[in-house]
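Enquirer: structure, please.
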Amino acid sequence: MATGIQAVGRLETGQDDCTFCSPLSIDEQTQKSPKLGEVHVWSARLALRQGSGQVSTQNKYEVFHGSLSTDERKRAENFVHERDRNRYIIARGILRELLGHYLGMAPEQVCFSYGLNGKPYLAESSAGSGLEFNLSHAADSAVYAFANRTQVGIDIEPLSKGLAWRQLAPIVFSAREQGKLAEFPEDEKTEAFLRGWTRKEALVKGCGVGLSLDLNAFDVPLGRLENPSPVRLSNKPADLWWLCPIDPIADFVAALTVNGAPPLRIVVDRYIDWPMPAGPTATIIQRSVGAMPTAQSEINPL
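Expert: A predicted model of the protein is given here:
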């Protein structure tokens with residue numbers, strides 16, 4: 001990541017919000033790894049160009065492509081459409097850049113292992129860091145979640161008024177969830193369905209079990225979340241997950257899930273590669289730091 005980083009955003013302290021804007025190096029602005037009980041969420045745009053004067057990743061595309069492993073490049077080549085291939089390369093390139101930052105190594109040095117259902121993990125050489133991560137990309141946007149020794153899952157979907165949710169709901173929702181969906185006003189049903197869908201996807205991705213986990217075998221809330229909400233996938237202690245309220249990208253529905261215990265703090269950053277007229281690329285980070293409730297009574301206890 002470039003070192004000339006400018007942080008622009010709002011810092012939510014639980015008291016009066018304070019606005020900050022200061023040129024910082026990435027080491028000064030973002031610690032090397034999430035602390036225990038903390039989750040870092042990054043959002044990014046994947047389009048090569050978004051019009052004059054808007055964000056772009058064109059000047060980093062070749063860098064991203066060069067950082068990929070041989071198997072990642074082969075996977076990129078398998079995409080039929082150039083747009084999908086470009087988005088995959090950018091999404092993986094940003095993932096490697098963020099992981100490289102946290103691990104203190106070059107992006108191309110990051111090595112992955114994969115679970116039985118394709119979930120990426122850090123290879124054994126970096127596993128001792130305790131860094132867990134997950135990513136999701138849809139359309140021209142991506143989100144990334146990082147945690148310390150805690151499994152995480154994340155998912156996004158674009159808001160779409162034309163979504164055929166009536167046909168999909170019986171496939172992915174339990175009878176109870178379908179009943180809850182019916183209670184929403186007609187103009188809110190699509191978004192309610194997408195909230196449930198992304199939350200289930202985030203849980204499946206966090207577990208790394210793929211389609212072996214029946215989506216309608218467990219319930220998730222469909223309404224907006226104010227606090228972390230627990231979901232039990234089974235009676236095993238390891239199958240307790242927490243859905244957390246996040247909203248990192250406009251016009252997208254997002255879901256974040258954390259295994260075992262709700263996070264005490266969620267840090268939301270925005271990755272933007274800004275095309276400069278000359279000289280090195282600058283990266284702008286917009287940061288929102290939110291403290292999660294810590295008392296059990298405040299977290300919708302089971």
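
Enquirer: I'd like the next helix or strand past the helix ranked longest in the chain.
Expert: Determined from DSSP state H, the single longest helix within the chain is helix 82-103. Going down the chain from helix 82-103, the next helix or strand is strand 112-114, by DSSP states H and E.

Enquirer: give the other helices and strands that that following strand contacts.
Expert: strand 120-122 (3 or more CB pairs under 8 Å, 6 or more residues apart in numbering; DSSP states H and E). Yep, even glycine has a C-beta here, placed from its N, CA and C like the rest.

Enquirer: low pLDDT regions in the chain?
Expert: For the chain, the stretches with pLDDT under 70 are 1-31, 48-59, 210-212, 272-302.

Enquirer: any idea which strand is longest in it?
Expert: Across the chain, the longest stretch assigned as strand under DSSP state E is strand 265-274.

Enquirer: can you tell me the strand partners of it and which way each runs?
Expert: If you go by DSSP bridges, strand 265-274 pairs up with strand 38-45 (parallel), strand 282-285 (antiparallel), strand 288-291 (antiparallel).

Enquirer: distance from stretch 216-231 to the middle of the chain?
Expert: Relative to its chain's centre, stretch 216-231 lies at 17 Å (CA atoms, centre = their mean, to the nearest Å).

Enquirer: didn't residue 111 look like it was pressed against residue 122?
Expert: Yes: the criterion here is CB atoms under 8 Å, and residue 111 meets it with residue 122 at 7.4 Å.

Enquirer: more neighbours, those two?
Expert: Neighbour totals were compared for residue 111 and residue 122, and residue 122 leads with 20 against 13 (other CB atoms under 10 Å).

Enquirer: disregarding residues adjacent in the polypeptide, which is nearest to that one?
Expert: Once flanking residues are discounted, residue 122 sits nearest to residue 131: 6.3 Å by CB to CB, 6 or more residues apart in numbering.

Enquirer: how close does that neighbour get to residue 164?
Expert: 38 Å (CB to CB, to the nearest Å).

Enquirer: residue 122 too?
Expert: Distance of residue 122 to residue 164, given as CB to CB: 38 Å.

Enquirer: next: residue 88.
Expert: According to CB to CB, residue 88 stands 26 Å off from residue 164.

Enquirer: which one's more surrounded, those two?
Expert: More neighbours surround residue 88 than the other of residue 88 and residue 164, with 20 against 10 (other CB under 10 Å).

Enquirer: list the contacts for that one?
Expert: By CB atoms under 8 Å, 6 or more residues apart in numbering, the residues touching residue 88 are 75, 76, 79, 137.
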